[in-house]
Structures are given as C-alpha cells and as structure tokens.
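1. here is my input, please return the structure:
(2 chains)
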Amino acid sequence: MNMCAELSGYKGNVLKFLMKADLQIGDIIRITRNEEVFEGTLMPRYELADDNHIVLKLKNGYNIGIKIHHEMVVMKVGTGAKPTYKLPYQPKEKRELPTVTIISTGGTIASRVDYRTGAVHPALTSDDILTVVPELSKIANIKTKILFSLLSENVHSSHWTKLAQTVAQHILMGVNGVVICHGTDTMAYTSAALSFALQNLPVPVIFVGSQRSSDRPSSDAALNLINAVKAAARTPIAEVMVGMHETSSDTTTVLHRGTRVRKCHTSRRDAFKSINIGPLARIKGEEITLLEDYSRRDPNKQLIINSNFERKVGLLKFYPGLNPNIIDWYMDHGYFGLVLEGTGLGHVGDHLFPQIRKAVEQGLLLGMTSQCVWGRVNMNVYDTGIDLQRIGVIPLKDMLPETALVKMMWIFSQTTDIEEAKKLLMLNIAGEFSERTLYEK
Amino acid sequence: MRDIETLRVLSKQTETSKASGLNEEPPHELNREALETSLTIALMFHASPINETHVMRKVVIDGSTTFGFQRTAVIALNGMIKIGDKNIPLQIVCLEEDACRKIKEDRLTGYYRLDRLGIPLIEVVTEPVITSPEEAGKVALAIGRVLKATGKVKRGLGTIRQDVNISIQDGALIEVKGVQDLEILPQVITHEVQRQLTLLKIVKELASRGAKEEDFIYTFKNVEKIFKKTKCQVIKKAIEKEQTVLAAVLPKFSGLLGIELTSGLRFGTELSDYAKFLGGVGGIFHTDELPAYGITEDEVMELKSFLKIYDNDAIVLVADKPENVYNALNAVLNRAKQALKHIPSETRGLFPDGITHYLRPRPGAARMYPETDVPPVPITKEYLKRLKETLPESLEVRLSNLMKKYGLNKKLADQVLISDYSEVFETVASTTRISPSFIAATLTETFRSMQRDSIDVNILSEEIIQDLFSFIDSGNVAKEAIPEILVWMVKHEDVTLDDAIKALGLRMVTEKKLKEIVDRVIRDNEDIIRKRRITALGPLMGIIMKELRGKADAEKISLLLKKGIGETLNR
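-> Purely as a prediction, here's the structure:
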C-alpha cells in the first residue's frame, strides 16, 4: 500500500486545505502561524479524529496536531523518503525440511507495520511473512496462500467451505501440515467447522492468531506463528487444532482441539482455553509434549471432505423473561435446527415450552447446551430438564454451544432427515464431546 | 523494524518480557487529570500548549516496561524559566508513563517492580544553554519548585529525576539517565566532563602512536591451550563447560586501557561495558591489568608471543559461550576503533557515587511511532483559558504570603515551599495554636536531619503528621517528643500515633502530678536553691526533664519551677 499517494484519514476542512496546498503524506512541510513555526513530516490522521488538525511529526520524532487557521501558511520544503522495506534474505528451499502451507484469512497475526505511520498492513506474500518471522525458514519450507483478508467477525459459513476446500487441496498436494492465520474473534467457530468438514486427516491443520499485533514488542504473533509451523511440520497429531499462547509469558503455546476451544478473554494473550478437556499438546522451544489422546499423523490416510454448511440453523441464548415468539421467527423462516444455550444443567423457563413443543412438532431439531461454558448438561436432575427432554429437546452432553451450532449447520448440509440428523448429532465425529467430563485440568 | 527484532532477541535472552501478567489489555484513554496537570505546568513555564496531543510509543528495550515501549505525548513547546537574570528556554513539556523500577540484576536477567509502571510522568526539557555543573543544579531546583507548586507531585526521592545531557567541545552528546539526587548533580557533570576530556586525550595519543583502523583484525584467536592449567576461575570454568576462550589484539592500545578516565573509571571498564551489553558476557580481561585474577605472568607472556603482538599492542580476552564471546570481542574492537576518532554518543547510567557507566547507544527519532490505540485529544482555547484563570500562585507570591500570614522569616518560608510539606504546614498552622515557626522548622529541618540519619519520614502519611501536631496542640504530647515518635512510627508498620505514644510511654503527666514532681524536686534540692538562688533553675530543670522524658511541656515546668524557687527563697 502506498501511503504517500494519499491523504489517509484526513477529511472535510483539513482535507480541502491540504489538497489546496498540494501536499502529500510524507512531505516535509513548514507551518507558520502568527509567530510560531513548525517543521516536520506530514503524517496520516487517526480515522476517528476531527477535521480541524494537521498531524506533523517533529524532528525529535514526536507527533503533534496543529489546528488549521485561515492565516496559517503551509509550505512544502522537501519530499520525505518513501518508506521501503527490503527482504533481509531469500531463504533457499531445503530438501531435508518438511513443507508447510500457511493460508492467510486475515487478522493481525501475519501483518507488518509501517513504522512511519503506525499503520498495520497485511503481509501479502510468503516473503512478507518470512521477513516478519524469519525463524520459520529454519523449521519448514513455507508455501503461502492468501485466501481472504477478513476481520474474523466477517467470516461466514461460505468462507468455511472455501477454506476447507483450499486446505484439502494443499493436503492432497502432499504438504506435511497446514497453518491457517485467522482473526481470533471467531477462530473457534472456523476451527470447529473445519474439524467436521475435513475428516480422517493425514496431517495436522493448525489455526493460529494473535491477540497483540506485531507492531508491539509484547506481541504474541511471532511465537504463535513459529510454534504453529512447528506443530504443522512435526507433531504426530493429525487433527484440526488451535495453537495459541498458554500463559501471558512468551514461552509456551498449547494446541487445542478444534471443536473444544473457546476465546475466553477479550485481550489476554492466553485467551484461548480448551473447555472440558485439556489441551492436546504443549510446545516449548523445540520440545513438543503430548497431553491427551489424539488421531495420529499418517500420510496414507484418505482425507474425507464434506465442506458444506446449512445457514438456517440458529443459536439462541436463554435469559430470564426471553420472549418465546422469537422461536416463532425461526419456524417462520424455515430453520432446520436450533441450539439452545440454556442455564445451568440445561434449562429454559417453562414459558418457552409451548413454542418449543411447536418447533419440535414442525420438525426442527432442538439441542441443549449450557451457557455456563464449563461442565456438561444433565437434564435428568430437575423437572424442567425432564420436561424439555419429553418435549423432544436433545441434551448435547459437554459440547460447546458454538461447536453444536456449527455441527448442526454441517449436518443439515448433508441430510434433511430429522432422524438421520439426530443420529449424526449424537455421533462423536471430531472429538466435539466426551462421555465423561474429567475434573478441570 | 530492526529495533523490534532486536527486542525480541533481547527479551528472550533476558526473559524480562515474561515478568508479569500485565499489559493484557489495550491502553485506556489519556488520563485527563494528568493532562490537566501537565498543561498547568506548561502554562506556569509560559510554554505554548499544542493544539492536539498525539500519544507516541517510544521503544524501550531494557525490560523496564511490559509493553516494550513507553507512551509519551508532547503537551507544549517553547517554555521558559528564569534563573537570576538568565532566561533558560524550555524546548518541550511531555506527558509520559513512568517505567518499572529495577530492583536487582544478575548477569542476564533484570528484575523489575511494576508498582511505578504507568504513573504519569511529566518531562521538561531545557535547551542546551546550561554551561556549568552549578548552573545545572540551580535550573533543576527551579524546575522542581514549579512542579511542586501544583501540589500534584508525589514526594520522596525518585519522584523528580533528571536526565542530564552533557557535551563538551569536540566531545559527544552523552545522556545520563535518572539522576535522582540534586545534591550529586554537579558531581555527575564534573565526572562526565572529566571522562570526555580524558577520552579526547586518548584520541590524541592514539594519533601520535600512528594507530590506524586497518590494523584492527576481526579474526579472533582461540587461546584455550595457553590456559589449560590456569588458576583463573572464569577461564577454567569456561573451558570445563566446553565454552571458548578467544583473544583479540587492540593495535597500539598498550597502557591506554588502564588509564583512569575519571576517578574510579578506567577505559578498560568502558570496553568491558560494551562487551557486557552487546555480548552478554560477564566481562573482559585485558593485558593492561594482567597478571591478575589468577592469570600468571607466564600465561601473559605466552599469550603475547602466541599472538605475535608488538610492544605497544594490547590484548583482550573473553571466556564464555562461543557466540557471546564473538559478539563481545566485536563490540570491544568496534568501541576501541571509535577511540581513534571521537567519543561515541551514549546513554549512560549512574552509580551512587556519581560515576556513570555505559547503558546503550543513544536512540534516534526512529524509535518513536504512533500509539494507534489512544485517540488524539484536542486542547481547546476555552479549556486553556479556564486553566490560566486557576493557575497555582507563583512561588514568589506564595513565599510572601507565607511570611505575611504566618510570620515566618524568609529562609524558613522558602524551605517550607521547596519541601514536600507546604500544604501540611498551612493546614497545621491554620488549625492549631502551635507556633508556625516551630511547625515549619519541624517539617523542614527536623525532617531533613532525620532523613540524613536514614529515617525515612517520607513514608509517613500527611494525616499522621497532622494528627501528631494536633496531639501536641491539645497538650497530649510534648513538642520535645516529636523526633522520638517519628522514629518509632517509621520503624513500625501499620501502627497508629496512639500505639507510638503508649509504646514510648509518652503520655503527658497531669498538672497535679507535674506539680507534685516539681515540689518534690524543690524540696530535695533546697540547698542548691539557697546557694545559687534563681540560677538553680537550669540544673533543676535538667533533673525534671530527665525524669519526664518529654511527658511535660518545658515551658510549663519552667513556670512552676520559677514559682517554687521564688516561694522557697521568700520563706
């Protein structure tokens, strides 16, 4: 992206003013206002800021905002050096190293920063990525694919399909593992989706993100990416996983099963937690410690691809006094299934019963998960649970609500037969639930 | 970009980045109270506030922030402060976040306390117009007084720190970080000037010896076999751990490494500091200081003949991991090479005795980049107008007010103003009947002398100090007991004044009890009274004071005694 050619962030009055003076970002300018003189580099403007100030980088490196004024004189006194960056080196392919494909879908993990403006740009090529994290070339021969450039809240089920197909393509080409760079907000939904879409995996598929962009020295991006590539290249676990920081420290990452992971903090580096099971493995330096049962890496396994998702499946969080007519909306709009996120062991208020009964009678598949996040539902303990089961709501064991949603979307892309769908829902396909929930690790 | 890379490597090496669970959420908006205080200070310095503040990230890679950078914003430009007849222009007033306090350090790891991290810090930068160590001291003091006038500056050592930039003709710009104690400021500058003068002499000496850059050879010789049976612990251990011992030649440097740059700092130490910083090694050995540290004369001779050096060459030895040794020797050669031409610009740290040591190269403007998570804050004309109307009184006005209102003399009033307790003084003086001069002297002279005896009275809260004075005012405690109580309070945690008074047995005796004691002492000493008449007052006073140890007011005792002596004599 060429920042010099535009007046990024400027709008309204100040944009007119700068255009009239024929100035570009990066120009060295002198501003004279009454007796004050300021000299420095014209900088881009913060997107949300007002339209009255010019941002100037002084020689000492500080930025200041200068209010435009009709008696102000602005002169261009020089052209700033355009920012360039050169590759430190071009790594040669090494035959003895495994090959790993890095697929980028967006997010901050594989981005680079323009230190002049502070703007973060997507890293677009494998060279870009190796410039940001040169250590990768010692772990594997890296192939890259830029699939999307999306903030993860804009990722839809159609993207899951495209992503699953792209991953499959690379696996069939014979790579030793795939790493997917993804925004963290909805990473767990996508990892669940790929867990169902790609079965009998011969090699690992690792989702990776970063909670702190690479323009900050405290970034988790580099370690996460390095360890994700290590995991893709070397772990014996052939599953869809999420590999993120284990703690606040920049020392270890853990691999979470794609169907059992959740983002549990808005900003911490260790935001991702395995729920109701422990992580599958821990990576510390060159050491990979296996912690749970897993599916083995085996290049002879035949990959099974089922990459479609039905959009007409909903996730409904119960809260005290929830209006039952909301369930009517789902029925009226032809939804196939609804995951309920109930309270405690799997309950909703009995004022919802008539609508739930109607939905079941109309042929909707209703499953119950818990908004407690940790623990499993048990609908045999209280009357409400027993009644709900009697009506036809299926308890979904210790499945995460988000995973249950994705699973139902996946199921209804393959069958519309309710009995078949029920069977699939209760079949453990990608380790999405366990028959016993072990005491918190 | 490179800075960030370096940081990643460094923080791995030093493990400072794992120090905390902090920095786990994006920054909050600029603290408005801090902004207001810094604007107030800027206006008191007659500086021009900028129209809109922009927070920058200033890369800091020593581990003192969990962010890896310090946030900083320019608040105002072009201020001024008057010292005598001279105007000292102030370049810039900045609002920053304070960094962590380093509590200890071993070879590769720094340990930091996070309690100071993020506290608003106001930076005031003077133009380079200060020409003597004494003047620097005066300017720092004057700036400190303006800061204190806001009443928003935390008290105690370290809350006002000076970073001193020192340069001499043909020398280099050297920044000395964190000079906390104003009393040693002139000393720091004197040492630094001396250091630069000596370094310039070395430049000249090397030129006259005909030292040339081309003579520096960057291939290092492995000298392990010379030290196979060495008694030098550092080298022995390195060989045992299968590390390496390499040597480099500094052409025509013989005798220069041992030169004292300023008292207590040799040129060899400077080279060693570079080796430590860039190589992560424990230090270096050089031939100017050998034989020593277990290295024998024979080993030195063998080393010299093995490296085939000329008489006026010096040798530097490092024993450690190969990579570290290599980096360390490179750093030493590069620094030595610079000595042929000039003094390098550096950021230096401070030892308690005023001697500085190499910290890191001086950073450029490139280490600043925008903090995109904190929106800019416009500073409007209306806001500034409001602030200007409510500026704290200038120190001159406050000085004359103190003198007028409380009858303090100029010296005492001045001391109250520059102390950390001017507000406490005004509160106590206006709410008690205690003599203002006594309050002032206690808060300044008494406190200072206790401070000198390492009794840190700063840790006592203002409430405790005010309560102590009201105890005195109500006659519960004698003035004389103040130092004793303060010492006890400082030495005990989580205690109240009552605890102190009880523990020290300082509760005042009642009037009746006091009268009894005085009567008894007069009875017991009638001879003396008859002999010395009214001059017996002194000795008798002494006896009673000793017995009561601050449990009664001296004036009251004196009155009772005088009365009693009179009565005895009239009988």
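
2. what helix or strand is residue B:467 located in?
-> Per DSSP states H and E, residue B:467 falls inside helix B:462-473.

3. so which elements touch that helix?
-> Contact here means 3 or more C-beta pairs under 8 Å, 6 or more residues apart in numbering or on different chains; DSSP states H and E; on that basis helix B:462-473 packs against helix B:422-431, helix B:482-491, helix B:497-504. C-beta here means a position set from N, CA and C on the backbone, and glycine is covered the same way.

4. okay, it in CSV with CA atoms only?
-> Extracted C-alpha coordinates of helix B:462-473, given in CSV (Å, rounded to 0.1, in the frame of the first residue of the first chain):
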residue,chain,number,x,y,z
GLU,B,462,0.2,13.5,55.8
GLU,B,463,-2.7,12.5,58.1
ILE,B,464,-0.3,11.1,60.7
ILE,B,465,1.9,14.2,60.6
GLN,B,466,-1.2,16.4,61.0
ASP,B,467,-2.5,14.2,63.8
LEU,B,468,0.8,14.4,65.6
PHE,B,469,0.6,18.2,65.6
SER,B,470,-3.0,18.2,66.9
PHE,B,471,-1.9,15.9,69.7
ILE,B,472,0.7,18.5,70.7
ASP,B,473,-1.8,21.3,70.3
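
5. where in chain A is pLDDT low?
-> Residue ranges of chain A with pLDDT under 70: A:1-6, A:82-91, A:110-127, A:440-441.

6. domain-wise, how is it divided?
-> Domain assignment for chain A by automatic domain parsing gives A:3-79, A:99-305, A:313-425.

7. okay, these, which one's buried deepest?
-> Most buried of those, by mean neighbour count (mean count of other C-beta atoms under 10 Å in any protein chain shown): domain A:99-305, with a mean of 21.

8. worst average pLDDT in the helices and strands packed on helix B:462-473?
-> Ranked on mean pLDDT, the bottom entry among the helices and strands packed on helix B:462-473 is helix B:497-504, at a mean of 84.

9. contact partners of that helix?
-> With contact meaning C-beta atoms under 8 Å, 6 or more residues apart in numbering or on different chains, helix B:497-504 is reached by B:464, B:467-468, B:471, B:476-477, B:481, B:484-485, B:488-489, B:492, B:506-507.

10. export those residues to JSON lines and append columns for neighbour count.
-> Below are those laid out as JSON lines (neighbours: other C-beta atoms under 10 Å in any protein chain shown):
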{"residue": "B:464", "neighbour count": "17"}
{"residue": "B:467", "neighbour count": "15"}
{"residue": "B:468", "neighbour count": "22"}
{"residue": "B:471", "neighbour count": "23"}
{"residue": "B:476", "neighbour count": "15"}
{"residue": "B:477", "neighbour count": "26"}
{"residue": "B:481", "neighbour count": "23"}
{"residue": "B:484", "neighbour count": "16"}
{"residue": "B:485", "neighbour count": "21"}
{"residue": "B:488", "neighbour count": "18"}
{"residue": "B:489", "neighbour count": "22"}
{"residue": "B:492", "neighbour count": "12"}
{"residue": "B:506", "neighbour count": "21"}
{"residue": "B:507", "neighbour count": "14"}
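
11. returning to that earlier point: what lies in contact with the helix holding residue B:467?
-> Helix B:462-473 is contacted by residues B:421, B:423-424, B:427-428, B:431-434, B:439, B:443, B:477-479, B:482, B:485-486, B:489, B:497, B:501 when judged by C-beta under 8 Å, 6+ apart.

12. now which of those would you call buried?
-> Among those, the ones that count as buried by 16 or more other C-beta atoms under 10 Å in any protein chain shown are B:421, B:424, B:427-428, B:432, B:434, B:439, B:443, B:477-478, B:482, B:485-486, B:489, B:497, B:501.

13. out of those, which comes closest to chain A?
-> Within the buried ones among the contacts of helix B:462-473, the smallest distance to chain A is 35.3 Å, found for residue B:421 (C-beta to the nearest C-beta).

14. what pLDDT does the closest one get?
-> For residue B:421, the predicted pLDDT is 85.

15. where does chain B have its least confident helix or strand?
-> Every helix and strand in chain B was compared by mean pLDDT, DSSP states H and E; the lowest is helix B:2-14, with a mean of 33.

16. return the set of buried residues in the helix or strand that it is followed by.
-> Using DSSP H and E, the helix or strand that directly follows helix B:2-14 along the chain is helix B:32-44. Residues B:34, B:35, B:36, B:37, B:38, B:39, B:40, B:41, B:42, B:43, B:44 are the ones in helix B:32-44 that count as buried (16+ other C-beta under 10 Å).

17. can you tell if the helix or strand following helix B:32-44 touches chain A?
-> Next along the chain after helix B:32-44, taking DSSP H and E as the criterion, comes strand B:48-49. Yes - interface with chain A: strand B:48-49 contributes residue B:48 (C-beta under 8 Å from any C-beta of the partner chain).

18. which other helices and strands does strand B:48-49 contact?
-> Using 3+ C-beta pairs under 8 Å, 6+ apart as the contact test, the elements touching strand B:48-49 are helix B:32-44, strand B:69-83.

19. follow-up on the earlier one: run the chain-centre distance for the helix holding residue B:467.
-> 29 Å (C-alpha atoms, centre = their mean, to the nearest Å).

20. that helix - what's its average pLDDT?
-> For helix B:462-473, the mean per-residue pLDDT is 88.

21. wait, isn't residue A:77 in contact with residue A:28?
-> Yes - with contact defined as C-beta atoms under 8 Å, residue A:77 and residue A:28 form a contacting pair (5.3 Å).

22. now the common contact residues for the two.
-> The contact sets of residue A:77 and residue A:28 overlap at residue A:39 (C-beta under 8 Å, 6+ apart).

23. for beta bridges, what are the partners of residue A:100?
-> Residue A:100 has these beta-bridge partners by DSSP bridges: residue A:142, residue A:177.

24. contacts only, for it.
-> Counting by C-beta under 8 Å, 6+ apart, residue A:100 touches A:139-143, A:175-179, A:229, A:232-233.

25. with distance to residue B:529 as added columns, please give the domains of chain A in TSV.
-> What follows is these, written out as TSV (distance: least, C-beta to C-beta, whole Å):
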stretch	distance to residue B:529
domain A:3-79	78
domain A:99-305	78
domain A:313-425	88
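
26. closest one to residue B:545 among these?
-> Residue B:545 lies closest to domain A:99-305 among these, at 61.0 Å (C-beta to C-beta).

27. which SS state does residue B:152 fall under?
-> Assigned by DSSP: H, G, I helix; E, B strand; the rest coil, the conformation of residue B:152 is coil.

28. run through the residues that contact the nearest residue to it once chain neighbours are set aside.
-> The shortest distance from residue B:152 to any non-neighbouring residue, by C-beta to C-beta, 6 or more residues apart in numbering or on different chains, is to residue B:37 (4.7 Å). Contact analysis of residue B:37 by C-beta under 8 Å, 6+ apart lists B:120, B:122, B:150, B:152.

29. who wins for neighbours among those residues?
-> Neighbour tally across these (other C-beta atoms under 10 Å in any protein chain shown): the maximum, 20 neighbours, falls on residue B:122.

30. okay, now residue B:187: neighbour count?
-> With other C-beta under 10 Å as criterion, residue B:187 counts 16.

31. that'll do, ta.
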